[in-house]
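J.: just coords:
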DNA sequence: GCCGTCCATGTAAACGATTCCACGAGGAGG
DNA sequence: CCTCCTCGTGGAATCGTTTACATGGACGGC
């Protein structure tokens, strides 16, 4: 590989001058500049980012540790994160934790070893010592979607409470009274919050949420299937199943279908996280949509603010209900299905 | 950050010895080893991967330039790539090209600047000078899914010809004669190959594939929608639409539905690339499934072979037809829907 | 008892950039 | 004409590692 020395030799100048041209430092003559640029051109020289990082102590790379790449919600998040980061001059290195704390730790560790400038995390659990240490040690960090209470790190997330209330009102209006939820892991904020929001909204209508109607999932399709089977085996199965994420909704759909039951006639279904395919499932699924792209962009902006010395801001954006047909025909004007 | 010097000081040894312990070089006493390890422990020292890379000229990172992260096929590919890479001791840096050659170039460039050890590419086009130069210059590289003819780079892909023939036989058996295809960009191998395979298979049954029935898409949902609308506007619309990827199938479904038509009664639909949601669409979609995970793993193995000096192997794996209901009820025993 | 090996360790030179500091030329101002 | 500043440039230190080479002690064989 050609180095800055080769360029200097080719241009008949010192490496210092070449470096100055490349970083457009003001104090360099027009003549030197053109000679350097010509040399760069003929040699096809590209600066070695590794060496540059070592010297400047910046990598211009952000780490993104995501709970599960196969989940379309996180895929979209990752995409918007990369887009905004690119616009701000950063690369993104994605680590997929697959909802496993050990994998999450692995990625955090290697990202820190690679000296990324900042870390975007959607924690799969309450936070490992490694991550908490890093946060305390001053690694620029931002939580996105999920967060860890009690840690002094900005959080960018969406608040689904209002949308959950809308959903419950919708269900109530359709006459449903026995409603169940497939919860996410209690160790995650989104896992517990969604249950809480659901329970609170139900209470407003005087509907209880008994333990038998709260199943414990792990945000993966299999758990949705398993929990739903449990619900269907109950002497008095629920009339509605609300899955706390889209993959568990997929699993629920599998389970319902495997029994030869139909949605929404035999049992209604709703999900947290809206994805494009929900328009085309049989039936189209009523879901709570997060402003995913905006979340990703806001998270990057917060992180880069932190990295570049500006005060970062936590951001909370509202989610909204998208009514489709999976809970029954809605005669009301709330209907607002988007394509 | 604590450096190797701090560790050396804490252990009362030289940095060389510390380094030897860390890279478990044979020639180091048991006493020194324990002292170094203790020092590492108390200081919480982690080696700086940037400095290490500069010195050793290896980053233990692979670049993966993917055509579109939002496409579930590529998401799954990315996931398996990361898994296998991790097992072999490498990290993966993903670049999303969004089917745009300029973005692809951007990512290739930054990945090369970061001195990744090797590059995995699924090219969006015929290959930019940048990428061809890199390949010629000896950057370890492997093409996955798509490739560029005439470049001396191993290719890991799947061959869909047999499956396409099965699909056409299936369509023919169901009585369909007027069949159309939504093709991918001709600049991509998968774009042109799938049309060719389809045309060849149709010919075996004496069915022509007129120009009016070949629509030009770009592997994105919007193009699938647009092309399908064109088909439906024809005086004699096709009886079947075959989309060359899953996103264009989604767009086709949108378009068909927007006209109030039904699949498969009014028009049949099939897709290349099987994804989990196809089981739950209305109706479940007949698709050609690639061994995506195996492709990703094989690609990584080939690339790492190349990097570590072993001869890399091109790999071609067969795709297979998964019959569901979107082309009409199949009375035949070919039925082999998987969940 | 001496010499040659081998082993553990240390010293110092790289890797490829950035950047502090020194230096010389040239211009402005007295 | 001398002094002082400014500006362009180069030399060299530095970032945190790895590793070739040197060194010195222990040990075995004769």
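T.: Nice, thanks for sending it over. Just so we're clear, the structure is a prediction, and the values are computed from it rather than from any experiment.

J.: Can you pull the poorly scored residue ranges out of the stretch 201-339 of chain A?
T.: A:330-339 (pLDDT under 70).

J.: ok, which stretches of it are helices?
T.: Taking DSSP state H, counting those that start in this stretch, the helices of the stretch 201-339 of chain A run over residues A:221-233, A:246-258, A:292-307.

J.: who touches the first one?
T.: The list of residues contacting helix A:221-233 from outside it, by CB atoms under 8 Å, 6 or more residues apart in numbering or on different chains, reads A:180, A:182, A:213, A:215-217, A:237-238, A:241, A:243, A:247-252, A:254-256, A:259, A:261, A:267, B:276. C-beta coordinates here come from the backbone N, C-alpha and C atoms, glycine included.

J.: Check the offset of stretch A:301-313 from the chain's centre.
T.: Relative to the centre of its chain, stretch A:301-313 is centred 19 Å away, using CA atoms, centre = their mean, to the nearest Å.

J.: first vs last residue of that stretch, how far apart are they?
T.: 9 Å (CA to CA, to the nearest Å).

J.: Can you give me the buried ones in it?
T.: Under the neighbour-count criterion of 16 or more other CB atoms under 10 Å in any protein chain shown, stretch A:301-313 has A:301-307, A:312 buried.

J.: With stretch A:214-221 instead?
T.: A:215, A:217-221.

J.: what about it, start to end distance?
T.: 16 Å.

J.: Identify the residues contacting stretch A:294-302?
T.: A:62, A:76-81, A:83-85, A:88, A:90, A:120, A:142, A:144-145, A:154, A:156-158, A:312-315, A:317.

J.: For PyMOL, write the select line for the buried members of the residues you listed.
T.: To isolate the buried members of these in PyMOL, using 16+ other CB under 10 Å:
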select buried, chain A and resi 62+76+77+78+79+80+81+83+84+85+88+90+120+142+144+145+154+156+157+158+312+315
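
J.: So which of the contacts of stretch A:294-302 reach chain B?
T.: A:76, A:78-79 (CB under 8 Å from any CB of the partner chain).

J.: any chance of these in CSV, with pLDDT, secondary structure and distance to DNA strand D too?
T.: Conversion of those to CSV gives the following (pLDDT from 0 to 100; DSSP: H, G, I helix; E, B strand; the rest coil; distance: CB to the nearest atom of the strand, whole Å):
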residue, pLDDT, secondary structure, distance to DNA strand D
A:76, 96, helix, 37
A:78, 97, helix, 30
A:79, 97, helix, 33
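
J.: Let me know the closest of these to chain B.
T.: Using CB to the nearest CB, residue A:79 comes nearest to chain B of those, at 5.4 Å.

J.: what about the nearest residue to that closest one once chain neighbours are set aside, which SS state?
T.: Excluding the flanking residues, the one nearest residue A:79 by CB to CB, 6 or more residues apart in numbering or on different chains is residue B:69, at 5.4 Å. Three-state assignment for residue B:69 (DSSP: H, G, I helix; E, B strand; the rest coil): coil.

J.: that older thread, show me just the buried residues among the contacts of helix A:221-233.
T.: A:180, A:182, A:213, A:215, A:217, A:237-238, A:241, A:243, A:247-252, A:254-256, A:267.

J.: who's in contact with residue A:80?
T.: Residue A:80 neighbours (CB under 8 Å, 6+ apart): A:292-297.

J.: which residue packs closest to the residue of chain A found nearest chain B, ignoring adjacent ones?
T.: Nearest residue of chain A to chain B (CB to the nearest CB) works out as residue A:282 at 3.4 Å. Counting by CB to CB, 6+ apart, residue A:282 lies nearest to residue B:282, which is 3.4 Å off, once chain neighbours are set aside.

J.: what sits against that neighbour?
T.: Here residue B:282 is in contact with A:280-284, B:263 (CB under 8 Å, 6+ apart).
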